[in-house]
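Engineer: Next input, structure requested:
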Amino acid sequence: MKGKIIIIGTLDTKGKEILFIKNIIEGTGVSTIVMNTGVIGSASWDADISNETVARAGGASLQELVAKDDRGYAMDVMMKGAAALVAELYRNKEVAGVISLGGSAGTTIGTYAMQALPVGVPKLMVSTVASGNTRPYVGEKDITMMYSVVDISGINRLSANILANAAYAIAGMAKGVPPQLENKPLIAATMFGVTTPCVNKAREYLEQQGYEVLVFHATGSGGMAMETLIESGFIEGVLDVTTTEWCDELAGGVLSAGASRLEAAAKAGIPQVVSTGALDMVNFGAMDTVPEKYAGRNLYKHNATITLMRTNVEENRKLGQIIASKLNRSTGPCALFLPLKGVSLIDDEGQPFYGPEEDAALFDALRTNLDRERVELVELEHNINDEAFALAMAKKLIELMKQ
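Structural biologist: Okay, the predicted model is just below:
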């Protein structure tokens, strides 16, 4: 194991708890570096990296933060400083893992710093808010969130057990040696429940041909994670079957991957084969969470917590324009596949989202706006989940990767 465990926390309010996990980690034979991100109060013991150093790295002095007395501003500075210092420690090969603990503020600072590290570096956040919506904290990185159950305030029989588990967990992660798998070309693929047969068949074929396939669930964070890995240079080809996250970005659904979705592969110039998977649906929570403006639309109860809304003609026309504009920026080989008999399992004759008119609007917009000199257009008389469609996409990607 190379490096040390970085412990991030506010020593003015969590000094006793941080010392507790520090002692346990070091008791396992792993060294630590403690970073103090507290601002107002004084620390009961000295950190390896002081709060003054963190503040300076974030663009201000500690004295300025105290004088300004603006909690939001102080958090921004300490977040940036902690992230900059963690990134520097990583570049110097001093990071074996990172652990932090705290409430909402401590969680924001700790996870922001963790996001400065690549995927694969152990990251563990013990947090009072870890049982809620953790997406703002986790983003597209492999951050482990552990709910503290009780507030992180003192060492008692319950908190001692939880904090000890966290300390042993990060020490174990740091000591662990990942298995060395065969080095095969990496392909990123996107999947949703309603495009699973397509992606599974394509993945099986690609693996038989000697490729390794990473499948990302198109839930917003999945699309963002894929785009980040592409930007980082991990991915050599993209099978973007499921572009549904653009539906949520357009119509205000809960699974948007943001306005930069579909840009990373185009910028990187890596081969990509793209399709229109699940562009028939926008995702909301339970039925009573669907915005009132969508009353009267074709709504489908996927389960107790997810309601799907069928995209209409106008939305499909806009989706076609958006996706074409993204693919037109491709600097590498790119092909777009249109499944003319349906874009999902439930966009098939007799299914609840069967919509020939809506699909026609999507396909026509793509045909009209696509730059055929940059993007190859392939139209097949299949539903997206037909085996022939899946294999055609997989074979096209191999062809583009071999060019």
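Engineer: in the stretch 251-400 of the chain, which spans are strands?
Structural biologist: Secondary structure of the stretch 251-400 of the chain by DSSP state E, counting those that start in this stretch: the strands cover 272-274, 281-284, 299-301, 307-310, 334-339, 376-380.
Engineer: Looking at the ones you listed, which one is packed in the most?
Structural biologist: Sort the strands of the stretch 251-400 of the chain by mean neighbour count, taking mean count of other CB atoms under 10 Å, and strand 272-274 sits at the top with a mean of 28. (C-beta placed from N, C-alpha, C; glycine too.)
Engineer: just checking, residue 219 is part of a helix?
Structural biologist: No - the assignment for residue 219, made by DSSP: H, G, I helix; E, B strand; the rest coil, is coil rather than a helix.
Engineer: OK, contacts around the residue nearest to it when sequence neighbours are not counted?
Structural biologist: In space, and not counting its chain neighbours, residue 219 is closest to residue 255: 5.0 Å by CB to CB, 6 or more residues apart in numbering. Residue 255 is in contact with 218, 219, 220, 244, 245, 248, 283, counting by CB atoms under 8 Å, 6 or more residues apart in numbering.
Engineer: want to try JSON lines for those residues, with pLDDT as columns?
Structural biologist: Listed next are the contacts of residue 255 as JSON lines, based on pLDDT from 0 to 100:
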{"residue": "218", "pLDDT": "95"}
{"residue": "219", "pLDDT": "93"}
{"residue": "220", "pLDDT": "93"}
{"residue": "244", "pLDDT": "98"}
{"residue": "245", "pLDDT": "98"}
{"residue": "248", "pLDDT": "97"}
{"residue": "283", "pLDDT": "96"}
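Engineer: partners of the longest strand seen in the chain in the sheet?
Structural biologist: Once the chain is assigned using DSSP state E, the strand that runs over the most residues is strand 95-102. Applying DSSP bridges, strand 95-102 is found paired with strand 4-9 (parallel), strand 123-127 (parallel).
Engineer: As CSV, those with mean pLDDT would be great.
Structural biologist: Shown next, in CSV, are those (pLDDT from 0 to 100):
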stretch, mean pLDDT
strand 4-9, 97
strand 123-127, 97
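Engineer: now the ones you listed as TSV including mean neighbour count and distance to residue 323?
Structural biologist: Formatted as TSV, the strands paired with strand 95-102 follow (neighbours: other CB atoms under 10 Å; distance: least, CB to CB, whole Å):
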stretch	mean neighbour count	distance to residue 323
strand 4-9	27	40
strand 123-127	26	33
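Engineer: Can I get the longest strand of the chain in CSV, CA atoms only?
Structural biologist: Taking Å, rounded to 0.1, in the frame of the first residue of the first chain, the C-alpha atoms of strand 95-102 are listed here in CSV:
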residue,chain,number,x,y,z
VAL,A,95,-3.2,9.3,-0.8
ALA,A,96,-4.3,5.7,0.0
GLY,A,97,-7.8,6.8,0.8
VAL,A,98,-9.9,9.6,2.3
ILE,A,99,-12.4,9.5,5.1
SER,A,100,-14.5,12.4,6.5
LEU,A,101,-17.3,12.8,9.0
GLY,A,102,-19.8,15.6,9.6
